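Asks: this is a predicted model, with the sequence first.
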Amino acid sequence: MSDNQPTATNPSNGNLIEVDDVSVGFDGQWVLRDINLHIPRGQTLAIIGESGCGKTVFMKTLVGLVTPSSGTVQFDHQDLAKMNGSELAKFRRRIGFVFQNAALFDSMSIFDNVAFPLRQSDRSVKESEVKERVMQHLSEVGLPSDVTRKRPAELSGGMRKRVGLARALILRPELVVYDEPTTGLDPIMSDVINELILDTRRRYPVTSVVVTHDMHTARKVSDRVLMFFPRRRLDPHESQVIFDGPPSDLEHAEERRVRQFVRGEAGDRIRELASQG
Ligand SMILES: Nc1ncnc2c1ncn2[C@@H]1O[C@H](COP(=O)(O)OP(=O)(O)OP(=O)(O)O)[C@@H](O)[C@H]1O
């Protein structure tokens with residue numbers, strides 16, 4: 001039996017997510033083909049790959065926002081495709097989303113933005129508890145209490161991202177999905193976000209999926225990196241996952257396309273792009 005299997009002494013062991021033979025296509029074009037991936041509980045997985053290779057589509061497939069053309073996605077051993085409405089609603093409460101642009105509600109205060117998932121998930125929650133949890137989560141992401149009355153437009157991009165993180169964590173989700181968490185931030189604020197991702201995992205046993213173009217983020221926060229290659233540029237027999245391993249192996253990966261990507265070298269791409277017109 002592998003380390004990841006649930007055992008009588010530790011029933012919470014095992015994979016939180018199991019993706020088996022998943023393919024996703026749009027308008028007759030495959031974006032993802034035959035993807036297999038098991039994500040153990042507590043792992044932080046970074047997904048990298050060049051623009052258009054299917055990272056966002058894959059992330060959406062993991063959380064049931066895109067339905068695969070074939071194959072299965074299981075969350076905690078439950079097939080997403082077989083969940084009914086109330087099971088899907090419960091499943092969504094077990095996931096926190098950190099969106100690229102923070103996706104805050106502009107017309108709400110910061111307090112109400114962070115409180116939103118809590119009030120939605122439990123309509124009878126006491127305001128005193130809402131207040132305590134909102135303040136705790138804002139403090140965990142390093143925001144002072146005087147931001148609560150402000151609107152998102154009054155905050156910097158980095159502060160908005162941290163509010164988005166506080167909101168994503170307020171229900172203590174088992175899975176947190178980060179979509180380009182550091183895009184558009186300066187190097188210092190990017191590293192603040194990286195540290196917060198690490199802090200979150202230190203505080204509680206969350207499983208995380210981080211879609212990123214930022215190699216510093218991928219290296220720093222993840223235990224495992226997955227690299228996709230655009231399906232249309234592969235031969236039919238080639239696997240679309242061209243790297244699956246610890247971040248420390250990226251630099252010396254056997255696959256040339258992985259090394260070029262992580263070093264930011266254009267290689268043959270300039271000629272390829274020129275030949276596409
Ligand atoms: N709903 C959709 N309908 C049709 N095509 C789609 C849809 N969603 C994504 N695609 C296509 O799937 C491909 C992969 O898109 P995706 O957004 O997953 O790429 P990505 O790797 O996340 O890119 P980026 O790094 O630029 O965000 C693209 O060619 C995109 O146009």
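Replies: Now that the structure is in, tell me what you want to look at.
Asks: could you list the low-confidence segments of the stretch 151-277 of the chain?
Replies: Along the stretch 151-277 of the chain, the parts satisfying pLDDT under 70 run over 269-271, 273-277.
Asks: residue in it nearest to the ligand?
Replies: His213 (6.2 Å; CB to the nearest ligand atom). Quick note: C-beta positions are derived from backbone N, CA and C, even for glycine.
Asks: if the residue most central in space within the chain is in a bridge, with which residues?
Replies: Geometric centre of the chain, nearest residue: Val177, 2.7 Å, by CA atoms, centre = their mean. Legend: beta-bridge partners of Val177 under DSSP bridges are Phe97, Val209.
Asks: can you pull the contacts of it?
Replies: Contacts for Val177 were tallied using CB atoms under 8 Å, 6 or more residues apart in numbering; they are 59, 62-63, 95-98, 208-209, 211.
Asks: wait, Leu104 sits on Leu165?
Replies: No: in this structure, Leu104 is not within contact of Leu165 by CB atoms under 8 Å, at 11.2 Å.
Asks: out of the two, which sits in the more crowded spot?
Replies: Here Leu104 and Leu165 are compared on neighbour count by other CB atoms under 10 Å; more neighbours surround Leu165, at 28 against 22.
Asks: quick one: the helices in the stretch 1-150 of the chain?
Replies: 55-62, 85-93, 110-121, 127-140 (DSSP state H, counting those that start in this stretch).
Asks: can you tell which of these is closest to the ligand?
Replies: Smallest distance to the ligand across those (CB to the nearest ligand atom): 3.3 Å, for helix 55-62.
Asks: and the longest helix for this protein?
Replies: Using DSSP state H to define each element, the chain has its longest helix at helix 187-203.
Asks: run through who's touching it.
Replies: Here helix 187-203 makes contact (CB under 8 Å, 6+ apart) with 42, 44, 140-142, 157-158, 161-162, 165, 169, 176, 178, 181-182, 185, 206, 208, 210, 214, 216-217, 220-221.
Asks: quick one: distance of it to the chain centre.
Replies: Centroid separation for helix 187-203 versus its chain: 14 Å, with CA atoms, centre = their mean, to the nearest Å.
Asks: most tightly packed of the helices of the stretch 1-150 of the chain?
Replies: Each of the helices of the stretch 1-150 of the chain was given a mean neighbour count from mean count of other CB atoms under 10 Å, and the largest, a mean of 21, is that of helix 55-62.
Asks: tell me which other helices or strands that helix touches.
Replies: strand 15-26, strand 29-40, strand 44-48, strand 175-179, strand 207-211 (3 or more CB pairs under 8 Å, 6 or more residues apart in numbering; DSSP states H and E).
Asks: that older thread, pick out the shakiest of the helices of the stretch 1-150 of the chain, pLDDT-wise.
Replies: Among the helices of the stretch 1-150 of the chain, helix 85-93 has the lowest mean pLDDT, at a mean of 89.
Asks: domain-wise, how is the protein divided?
Replies: 1-94+175-246, 107-172 (automatic domain parsing).
Asks: could the ones you listed go into JSON lines alongside distance to Glu265?
Replies: Below are those laid out as JSON lines (distance: least, CB to CB, whole Å):
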{"stretch": "domain 1-94+175-246", "distance to Glu265": "12"}
{"stretch": "domain 107-172", "distance to Glu265": "29"}
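Asks: coming back round to it: where strands are concerned, which of the contacts of helix 187-203 count?
Replies: Among the contacts of helix 187-203, DSSP state E puts 44, 176, 178, 208, 210 in strands.
Asks: out of the helices of the stretch 1-150 of the chain, nearest to Glu254?
Replies: Each of the helices of the stretch 1-150 of the chain has some distance to Glu254 by CB to CB; the shortest is helix 55-62, at 21.8 Å.
Asks: what is the neighbour count of Phe105?
Replies: For Phe105, using other CB under 10 Å, the count is 12.
Asks: for stretch 38-51, which positions count as buried?
Replies: Within stretch 38-51, the residues that qualify as buried are 39-50, counting by 16 or more other CB atoms under 10 Å.
Asks: which other residues reach it?
Replies: With contacts defined as CB under 8 Å, 6+ apart, stretch 38-51 is touched by 4, 12-19, 55, 58-59, 174, 197, 201, 205-213, 215, 217-218, 221-230, 247, 261-262.
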